[in-house]
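# no FASTA, just this:
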């Protein structure tokens, strides 16, 4: 399971965005981490540096390691259409990300934990692979035995999904993956073209 166990605020400050969730330190210290603080002169990144930084931001956002991310990219490159948009669609279609988007989990890290501990079902069958790629029409639910565990279900955020490619049924505690999202529907600020340029070298 891909996990980042370091400081969330440090990563957010590095990219200047709440990459791993909201962070108060980003508001208080809106400059990159380091012993020199805000007085350190900001260096302009090279073209390669900008491309690498964008890839790193995408990796941290979706919680993937290098080899996993490269695998998703090469799969996106094999598909028809624009490679960058295909990449974002595949990342969004991951099971752990969809659980987070549906609001079942408060973070992608918690979503991966739920999948790994077999609390989640896909089309009625228990799924324990966070990287599982969903297809339009797939139904994501909560294991029947898990629904009886109030201590766990109390942590679930079952607010209606605000994303147009997802639908949440509060009565059944089920979500439906309606379609692959379009680029302009994804809220993350990721310049996918820079990632494509990096891998194309």
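That came through, no problem. Just so you know, these numbers come straight off a predicted model, no measurement behind them.
# and residue 179, what does it touch?
Residues touching residue 179, when contacts are defined by C-beta atoms under 8 Å, 6 or more residues apart in numbering, comprise 136, 165. Bear in mind the C-beta positions are built from the backbone N, C-alpha and C, glycine included.
# with residue 189 as the reference, measure out to it.
Residue 179 sits 22 Å away from residue 189 when distances are taken as C-beta to C-beta, to the nearest Å.
# what does residue 198 give?
Distance from residue 198 to residue 189, by C-beta to C-beta: 17 Å.
# what about these two, which has more around it?
In this comparison of residue 198 against residue 189, neighbours counted by other C-beta atoms under 10 Å, the higher total goes to residue 198 at 17 against 12.
# for residue 68, see how far away the closest residue to that one other than its chain neighbours is.
Take residue 198 and drop its neighbours on the chain: the residue closest to it by C-beta to C-beta, 6 or more residues apart in numbering is residue 51, 3.8 Å away. Counting by C-beta to C-beta, the separation of residue 51 from residue 68 is 19 Å.
# ok, the two, which is more surrounded?
The residue with the greater number of neighbours, taking residue 51 and residue 68 and applying other C-beta under 10 Å, is residue 51; the counts read 21 against 15.
# phi, psi for the more buried one please.
As for residue 51, its main-chain torsions (degrees, to the nearest 10) stand at phi -70, psi -40.
# centroid-nearest residue for the chain?
To find the centre residue of the chain, average its C-alpha atoms and take the closest one (C-alpha atoms, centre = their mean): that gives residue 62, at 3.1 Å.
# ok, now how distant is that residue from residue 109?
Using C-beta to C-beta, one gets 11 Å for the distance from residue 62 to residue 109.
# all strands for the protein, in order.
Residue ranges of the strands in the chain, as given by DSSP state E, are 120-122, 125-126, 139-142, 166-169, 174-177.
# nearest to residue 86, out of the ones you listed?
Of all those, the one in closest proximity to residue 86, counting by C-beta to C-beta, is strand 174-177 (16.5 Å).
# residues touching the closest one, excluding its own?
With contacts defined as C-beta under 8 Å, 6+ apart, strand 174-177 is touched by 93, 98, 102, 104, 134-142, 161, 165-169.
# hmm, 6 Å instead?
102, 134, 138-141, 166-168 (C-beta atoms under 6 Å, 6 or more residues apart in numbering).
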